[in-house]
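A.B. asks: got a structure for you, letters missing:
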Ligand SMILES: NC(=O)c1ccc[n+]([C@@H]2O[C@H](COP(=O)([O-])OP(=O)(O)OC[C@H]3O[C@@H](n4cnc5c(N)ncnc54)[C@H](O)[C@@H]3O)[C@@H](O)[C@H]2O)c1
């Protein structure tokens, strides 16, 4: 709010970032706040922008983010898809003139919380290569699918189409940790473990080769071609571009209202049965547990809700610097830290 955002938009953004940390996805939580604030400072992101539904039909809508913070646009688009799916069974909402929306999983879960299957996806500045290519072709284009169950927690798959998200390379670099040789290729298209060359002269490898590349194109299509957002190299860098040029990211959200298609009580019982049968399946040698997608994150959420979210030193430093820049009182936080 000190940087100019309205209370509603700031609250949604906070909820997205903190919930992401609460699920243990620390690469996409409050650690990125300083990057979003930098874009506001360089006028590449308008803190006053209000996302708006600019066109719609019974089962679809397009949200224009007017180059503001992405989270309020993504939230409005997913909520609109959920509302419309409530009426017609299944709905799509695209968003354009947006920015980096954080973790895709938050928005997909919004649908699961309403008993719907949720899909959430986004394009991003190209940083991923394609089979046969030497450099960047598509973004890492995250895709999240949230599947509601009955007594069990929703299944939540939330993945980039690259072997790993680009932020994991930055995290490894910041923490002085090595990376395996199947995460990135250098400027010649040859696998490398040198994190310092990413992203300027290295590209992320797509997950499962041509399969991740193909899915990234589906995400690009639904996020950009259908919504009217920037596509491939038209998308700007939310991290490195210090100009006033908006990034123009696009997103896509789909909500499937299972209850109007199948009897909901039967669906929920069968979803629980599916989850439990997977859990009971014979374990690989040396393995004690088979996880459902999202289960590690739900476990973390239970732990963090009870014990607090652990923040690494680099995140604490970044939040402290933000507080100093904007003249915020960190009194309560500091006394908590002092008591550690
Ligand atoms: N906004 C963007 O432009 C952008 C771009 C890329 C990634 N991201 C975000 O980055 C985050 C991390 O992406 P990632 O590709 O590094 O994810 P990842 O490779 O860490 O995979 C995480 C997902 O896989 C599941 N999973 C992990 N191990 C599992 C196991 N053994 N069994 C079953 N499921 C398992 C997790 O529950 C989770 O759903 C995501 O939240 C994604 O949305 C955002």
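C.D. replies: Sure thing, it's come through. Everything quoted here is computed from the prediction, not taken from an experiment.
A.B. asks: got the residues of this protein near the ligand?
C.D. replies: 25, 27-28, 100-105, 122, 124, 140, 142, 144, 156-160, 164-165, 168, 291, 293-294, 296-297 (Cβ under 6 Å from any ligand atom). (C-beta placed from N, C-alpha, C; glycine too.)
A.B. asks: just the buried residues of these.
C.D. replies: With burial judged by 16 or more other Cβ atoms under 10 Å, the buried subset of the residues of the chain next to the ligand is 25, 27-28, 100-105, 122, 124, 140, 142, 144, 156, 158-160, 164-165, 168, 293-294, 297.
A.B. asks: now the residue positioned nearest the centre of the chain: how far from residue 257?
C.D. replies: By Cα atoms, centre = their mean, the chain has its centre lying nearest to residue 103, at 1.8 Å. Counting by Cβ to Cβ, to the nearest Å, the gap from residue 103 to residue 257 is 24 Å.
A.B. asks: same question, residue 184
C.D. replies: Distance, residue 184 to residue 257, using Cβ to Cβ: 40 Å.
A.B. asks: more neighbours, these two?
C.D. replies: Set side by side, residue 184 and residue 257 show more neighbours around residue 184, with 27 against 21, by other Cβ atoms under 10 Å.
A.B. asks: how about that one, nearest residue that isn't a chain neighbour?
C.D. replies: Distances taken as Cβ to Cβ, 6 or more residues apart in numbering put residue 202 closest to residue 184, at 4.7 Å, once the chain neighbours are dropped.
A.B. asks: what does residue 298 give?
C.D. replies: Excluding the flanking residues, the one nearest residue 298 by Cβ to Cβ, 6+ apart is residue 153, at 4.7 Å.
A.B. asks: and the one you found, which of the three is it?
C.D. replies: Here residue 153 is recorded as coil under DSSP: H, G, I helix; E, B strand; the rest coil.
A.B. asks: so it sits against residue 293, correct?
C.D. replies: No. Under the criterion of Cβ atoms under 8 Å, residue 153 is not in contact with residue 293, lying 10.8 Å apart.
A.B. asks: if we can go back for a sec, I'd guess the residue nearest to the centre of the chain is in a helix, am I close?
C.D. replies: No. Counting by three-state DSSP, one finds residue 103 to be coil, located in no helix.
A.B. asks: that'll do, ta.
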